[in-house]
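Undergrad: Need a 3D model of the sequence below.
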Amino acid sequence: MAIAHNDELDTSVRPRTTDPDRVRMTGHERRAQLVEVGRALFAEKGFESVTVEEIAASANVSKPVVYEHFGSKDGLYAVVVDREMNYLLNSITKALTARHPRLLLEQAACALFDYIETNTDGFRILLRDSPVATASGSFASLLSDVAARVEDLLTTEFSSRGFPKNMAPMYAHMFVGMVALTGQWWLESPNTEKDEVIAHMVNLVWNGARGLQGNPRLITRR
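TA: So this is what the prediction gives:
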């Protein structure tokens, strides 16, 4: 009986090579990958400009895989937004430990700016109006949650200074809104040092607040 040559035997048992880009992932790993791919594309181009085909191509999968995990582009976008909202809200909530209003303002500003610096793509997504409903609400609702925490402390501060307590919610939203809008500006003007921006912003808010009038009136309306 003829015996096959060793080279032939080696060829018959040699495993087929696998494209490294086609390595199989678990369902959890694939879902996480698609979230990261979608996050980057949504941040760069906006929801409307991104297609399922583009998401699938960037993840090196077929379109049905995207639909299998999220149902639609809207479903993927909602997951991305919810994740960013929860992360930012938890970051700010954990940072708000002070009882003094000035320190609280500084902590809120630092937490938001730290998020902008380390999660720029996520912040760009949150700044855009979400075209789909999300479990965590909107960026505006997140800021309202933070303002509610600031409001409690401002109410106490207003009472001690003789200011009308019913104005505390309005001031809380103004303070938090200033932080958010300044953060948006800094995102597009990163040449200014982060801590320097925060210091100037807190300086304006706090030193302006220290000189508040108890019953302000518009000069032009007199």
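Undergrad: Quick check on residue 189: phi, psi?
TA: Main-chain torsions, residue 189, degrees, to the nearest 10: phi -130, psi 60.
Undergrad: same check, this time on residue 214
TA: According to degrees, to the nearest 10, residue 214 has phi -70, psi -30.
Undergrad: Model confidence at it, what's the number?
TA: Residue 214 is assigned 71 on the pLDDT scale.
Undergrad: Enumerate every residue touching it.
TA: 161, 162, 163, 164 (CB atoms under 8 Å, 6 or more residues apart in numbering). The C-beta positions use only the backbone N, C-alpha and C, and glycine is treated the same way.
Undergrad: Now the closest residue to residue 123 other than its chain neighbours: which helix or strand?
TA: The shortest distance from residue 123 to any non-neighbouring residue, by CB to CB, 6 or more residues apart in numbering, is to residue 116 (4.9 Å). Taking DSSP states H and E as the criterion, residue 116 maps to helix 101-118.
Undergrad: so how far is that helix off the chain centroid?
TA: 14 Å (CA atoms, centre = their mean, to the nearest Å).
Undergrad: Walk me through the domains of this protein.
TA: If you go by automatic domain parsing, the domain ranges for the chain are 24-71, 82-221.
Undergrad: Worst mean pLDDT among those domains?
TA: The lowest average pLDDT among these, as it happens, falls on domain 82-221, at a mean of 82.
Undergrad: how about the CA coordinates for the helix or strand where residue 169 lies, as PDB?
TA: For residue 169, the host element (DSSP H and E) is helix 168-188. What follows is helix 168-188, C-alpha atoms only, in PDB (Å, rounded to 0.1, in the frame of the first residue of the first chain):
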ATOM      1  CA  ALA A 168     -34.100  79.600  44.300                       C
ATOM      2  CA  PRO A 169     -35.300  77.200  41.500                       C
ATOM      3  CA  MET A 170     -34.800  79.900  38.900                       C
ATOM      4  CA  TYR A 171     -31.300  80.700  40.100                       C
ATOM      5  CA  ALA A 172     -30.400  77.000  40.300                       C
ATOM      6  CA  HIS A 173     -31.300  76.600  36.600                       C
ATOM      7  CA  MET A 174     -29.500  79.700  35.700                       C
ATOM      8  CA  PHE A 175     -26.300  78.600  37.400                       C
ATOM      9  CA  VAL A 176     -26.500  75.000  36.000                       C
ATOM     10  CA  GLY A 177     -27.300  76.400  32.500                       C
ATOM     11  CA  MET A 178     -24.300  78.700  32.600                       C
ATOM     12  CA  VAL A 179     -22.100  75.700  33.400                       C
ATOM     13  CA  ALA A 180     -23.500  73.600  30.500                       C
ATOM     14  CA  LEU A 181     -23.300  76.400  28.000                       C
ATOM     15  CA  THR A 182     -19.800  77.300  28.900                       C
ATOM     16  CA  GLY A 183     -18.900  73.600  28.600                       C
ATOM     17  CA  GLN A 184     -20.300  73.600  25.100                       C
ATOM     18  CA  TRP A 185     -18.200  76.700  24.300                       C
ATOM     19  CA  TRP A 186     -15.000  75.100  25.700                       C
ATOM     20  CA  LEU A 187     -15.600  72.000  23.600                       C
ATOM     21  CA  GLU A 188     -15.100  74.100  20.500                       C
END
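Undergrad: can you count the residues close to residue 118?
TA: 10 (other CB atoms under 10 Å).
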